[in-house]
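Chemist: Starting from these lines, generate the structure:
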Amino acid sequence: MEVTPDTCVLGIETSCDETAAAVVRGPATVLSSVVSSQVDLHARFGGVVPEIASRAHVELLTPVIAEALVEAGVADGGIDAVAATIGPGLIGSLLVGVSAAKALALVWDVPFVGVNHLEAHLVASFLEEPDLELPLVVLLVSGGHTLLVHMEDHGRYRLLGGTVDDAAGEAFDKVARYLGLGYPGGPAIDRVALEGDPAAIAFPRAMLDESYDFSFSGLKTAVVNHVRAHPDVATADVAASFQQAVVDVLVAKARRAVREVGAAGLCLGGGVAANTALRTQVLDACDADGIRCFLPSRALCTDNAAMIAAAGWWRLRLDGPTPLDVGADPNLALRLL
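Modeler: I've put the predicted structure just below:
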C-alpha cells in the first residue's frame, strides 16, 4: 500500500505495565492517545508483577482502544494500519497487544505492523518537533534500557553504547525501594531529591572513560553501603546525591557523543527522561556547547501508544506490512546498521 501523510495508524502498547492505544495520522499528527496505568496494581509489590500485568492488559485493552478511536473521531474504515509493540518487554503483556492488533488488522483488512519498543522511543520526539534536524544522538533511558543511539535517519541507527549491568531506571527503582520511598522509584527519588543536597555524599561515577557504556550496579551498592555505615544520614541527601551521580554520567557521555559523531542535536527518550535534574542539566550542557537539544514532554517520555503508531507509520513506509506469523519477542533488539 502507498503510505502517505494522510495514512492513519492505530498504535497499541502493552510491553510492560501501561495499557495504551493511540491514533496518529502521518508520521506526527496525534489524533488521540489514551494510557491506562497499572501503577496502583503493582505499587504494593514494589515492582511490576508480570502475571498481574498480563491480566490487567486483557481487561483494559478493549475499552482503551475504543476510547482512542472515539477521541480520534475516526469513522469506520478510517484506520489504514494497526501497529503494536512486538518487543522487547514482558512476554505475557506483549502477547495481549500483538494478538489484539492482528485480530483488528484481519477484521478491518488492513496491514499489521510490528514495532520495536526501543525504536518507538527514538521517534517520540518527532511527534512534538517533526522538523528536528538529523542526524541526532538519542539518550534512551528507562527501567529496562540505557542506550546512546546515533540516529542517522528514520530506520538507520548505530548503537554507540549501553549499560553493562543495571539500566538507569532499574537503579532508581532499587535505590528507592531500599530507602523506603515506594514505587515507581524514579518519580519518588526525583521528588525527595528536591529537598536534599546533591553534593552531600560523593557517590562513584562509574565508567567515566572514553567508552559510551554505562554501569549503575556499583552505584546502587555504594548507596546501600553508605546508609548501613551512616544510619542517621538524611534520606533526601542520599536520594539527591545518588540522582546527581547518575545524571553526571548520563550527561557527560551524551554531550561527548554529540560532539564526536557530529550530530545536529541531542534528544532524550524513555521514562527516566522525565527526571527533573536530568532534563535541567542536559539543557544546561547543550546551551554551554551550542548544541540543539529537544526534550519531549513527560507524557511522551513514558510508555505510550502514540510513539508506537508513529514508529509503525515509518516502518510501514520503509518495510511494508509485517507478516502475521511474526510473534512477540521479549528480548527483541534494536535493528542496527
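Chemist: Helix or strand with the lowest mean pLDDT in the protein?
Modeler: Every helix and strand of the chain was ranked by mean pLDDT, DSSP states H and E. The lowest is helix 39-43, at a mean of 91.
Chemist: Pull out the buried positions in that one.
Modeler: Across helix 39-43, burial judged by 16 or more other CB atoms under 10 Å covers His42. Backbone N, C-alpha and C define where each C-beta goes, glycine included.
Chemist: Just after that helix, pick out the following helix or strand.
Modeler: As assigned by DSSP states H and E, the chain's next helix or strand after helix 39-43 is helix 50-72.
Chemist: Which positions within that next one qualify as buried?
Modeler: Buried residues in helix 50-72, counted by 16+ other CB under 10 Å: 50, 53-58, 60-61, 64-65, 68-69, 72.
Chemist: okay if I get those residues as a markdown table plus distance to Pro323 and pLDDT?
Modeler: Output for these, formatted as a markdown table (distance: CB to CB, whole Å; pLDDT from 0 to 100):
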| residue | distance to Pro323 | pLDDT |
| --- | --- | --- |
| Pro50 | 27 | 96 |
| Ala53 | 27 | 97 |
| Ser54 | 24 | 97 |
| Arg55 | 28 | 97 |
| Ala56 | 29 | 97 |
| His57 | 23 | 98 |
| Val58 | 25 | 98 |
| Leu60 | 27 | 98 |
| Leu61 | 22 | 98 |
| Val64 | 26 | 98 |
| Ile65 | 22 | 97 |
| Ala68 | 25 | 97 |
| Leu69 | 25 | 97 |
| Ala72 | 27 | 97 |
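Chemist: Let me have those in a markdown table, extended by distance to Val282.
Modeler: Below are the buried residues of helix 50-72 laid out as a markdown table (distance: CB to CB, whole Å):
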| residue | distance to Val282 |
| --- | --- |
| Pro50 | 32 |
| Ala53 | 30 |
| Ser54 | 35 |
| Arg55 | 38 |
| Ala56 | 33 |
| His57 | 33 |
| Val58 | 38 |
| Leu60 | 33 |
| Leu61 | 34 |
| Val64 | 32 |
| Ile65 | 35 |
| Ala68 | 31 |
| Leu69 | 36 |
| Ala72 | 33 |
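Chemist: Quick check: the two most widely separated of those residues?
Modeler: Spanning the widest gap among those are Pro50 and Ala72, at 30.4 Å by CB to CB.
Chemist: The helix ranked longest in the chain packs against which elements?
Modeler: In the chain, with assignment by DSSP state H, the single longest helix is helix 235-261. Secondary-structure packing of helix 235-261 (3 or more CB pairs under 8 Å, 6 or more residues apart in numbering; DSSP states H and E): strand 136-141, strand 146-153, strand 156-162, helix 168-179, helix 185-193, helix 217-229, strand 265-269, helix 276-289.
Chemist: Nearest approach to Leu106 belongs to which of the ones you listed?
Modeler: Once the helices and strands packed on helix 235-261 are compared by CB to CB, strand 156-162 is nearest, at 30.7 Å.
Chemist: so what does the closest one touch, helix or strand wise?
Modeler: For strand 156-162, the packing partners by 3+ CB pairs under 8 Å, 6+ apart come out as strand 146-153, helix 235-261.
Chemist: Just send these back as a markdown table, with mean neighbour count, mean pLDDT and distance to Cys286 too.
Modeler: As requested, the helices and strands packed on strand 156-162 are exported to a markdown table (neighbours: other CB atoms under 10 Å; pLDDT from 0 to 100; distance: least, CB to CB, whole Å):
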| stretch | mean neighbour count | mean pLDDT | distance to Cys286 |
| --- | --- | --- | --- |
| strand 146-153 | 22 | 98 | 15 |
| helix 235-261 | 21 | 97 | 7 |
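Chemist: What's the local residue count around Cys293?
Modeler: 19 (other CB atoms under 10 Å).
Chemist: Also Leu336?
Modeler: 10.
Chemist: What of Glu129?
Modeler: With other CB under 10 Å as criterion, Glu129 counts 15.
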